[in-house]
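[1] Sequence first, then the predicted structure, then my questions.
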2 protein chains.
Amino acid sequence: MPDSPTLSQQVCFALYSASRATTALYRAVLKELNLTYPQYLVMLVLWDGDGLEVRELGRELQLDSGTLSPLLKRLEHLGLVERSRLAEDERRVLVRLTPAGRGLQAKAVDVPGRIAAATGLDEEELIALRETLHRISATLQTTESETTS
Amino acid sequence: MPDSPTLSQQVCFALYSASRATTALYRAVLKELNLTYPQYLVMLVLWDGDGLEVRELGRELQLDSGTLSPLLKRLEHLGLVERSRLAEDERRVLVRLTPAGRGLQAKAVDVPGRIAAATGLDEEELIALRETLHRISATLQTTESETTS
DNA sequence: CTTCAATTAGTTGTACGCAATCGAATTGCA
DNA sequence: TGCAATTCGATTGCGTACAACTAATTGAAG
């Protein structure tokens, strides 16, 4: 006799579904910029403050080098960023925008507006949602080790 | 002069982060079942009602055959499901649990509890979150075509 | 100065997600 | 009946995600 899915299971699936639906929305909007959503996230961070190391990008976006290295290589191929080893520490790699990468920001200005228009939630709901999601992420990141024990 | 990220951008990133954090939690919990989260979702659907076509699984989980076909092949390799073409329509494929697949349900009974314990949200918040996420998914799925025009 | 642990980015392998396409089977309609 | 349109699933190709590992470099301990 199968149990009906528990509330937490339903929430997790809703999270998984909504995240994919959101990414699909970005896919449509970002198509004309020729960027994927994770690539757009990297560009957003760099537009906010150019010249970050891979490690710093990883900390901002919670992505490891296994994801970022090939992603940055693609952005480099697109001519949007350039990578260079730091002179004072050859292990580290500085990621900087090219002029084309900086120029792309102008074409991206209307992305947030188009996204916001499509969510269908009012500001109050968005704030509450953001707060709840942040708490989930924070809780899971601090307790993830305990679940395996 | 970089704008601070808009609210909707922050919510979308929070959604993306929380979804990955949740999947990571499932990864730890599902490790002993030797299942990934999407594979677990398929098993949940089949445990709830065995004998579904690929198309029906896709509609339940909002996944297309490009994702489901190789996933189901892996579940078949694991000996958890079997696939068979329908006699009355050779295009369609019926997915059924094997005895091992049914037997795995017993080992999975404590998964929801372990997940629920780790989220750190109370029931009221979970219900509100689920409701908001459902509304986002529903809105995006009905309006996704308009954003590209 | 040498050894060794830690840090950093990159690589490899596996598994999604999804667009695009294909081939087989079925359906609908002239 | 014949044939175009549709449906279904599988496949291909690309881009994440992430675990596990590697290589290079650095810094600290001896």
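    Structure received.
[2] Phi first, then psi, for A:Ala108.
    Phi and psi for A:Ala108, reported as degrees, to the nearest 10, are phi -100, psi 0.
[3] The closest residue in space to it that isn't next to it in sequence: how many residues sit nearby?
    Distances taken as C-beta to C-beta, 6 or more residues apart in numbering or on different chains place A:Leu33 nearest to A:Ala108, at 6.0 Å, with adjacent residues excluded. (Each C-beta comes from the backbone N, C-alpha and C, glycine too.) Other residues near A:Leu33 number 15, with proximity taken as other C-beta atoms under 10 Å in any protein chain shown.
[4] got a list of what A:Leu33 touches?
    Contacts for A:Leu33 (C-beta atoms under 8 Å, 6 or more residues apart in numbering or on different chains) come out as A:Tyr40, A:Leu104, A:Lys107, A:Ala108, A:Val111.
[5] show me what contacts the third one?
    It stands for A:Lys107. A:Lys107 sits next to A:Glu32, A:Leu33 when contact means C-beta under 8 Å, 6+ apart.
[6] Look up how far A:Leu35 lies from it.
    For A:Lys107, the distance to A:Leu35 (C-beta to C-beta, to the nearest Å) stands at 10 Å.
[7] before we move on, which element is the residue in chain A positioned nearest to DNA strand C in?
    DNA strand C sits closest to A:Arg55 of chain A, with a gap of 2.8 Å, by C-beta to the nearest atom of the strand. In the assignment (DSSP states H and E), A:Arg55 maps to helix A:54-61.
[8] try A:Ile127
    Taking DSSP H and E as the definition, A:Ile127 sits inside helix A:123-148.
[9] With A:Glu82 instead?
    Assigned by DSSP H and E, A:Glu82 belongs to strand A:81-85.
[10] and that strand, is it in reach of DNA strand D?
    No - counting by C-beta under 7 Å from any atom of the strand, DNA strand D is not contacted by strand A:81-85; separation bottoms out at 7.9 Å.
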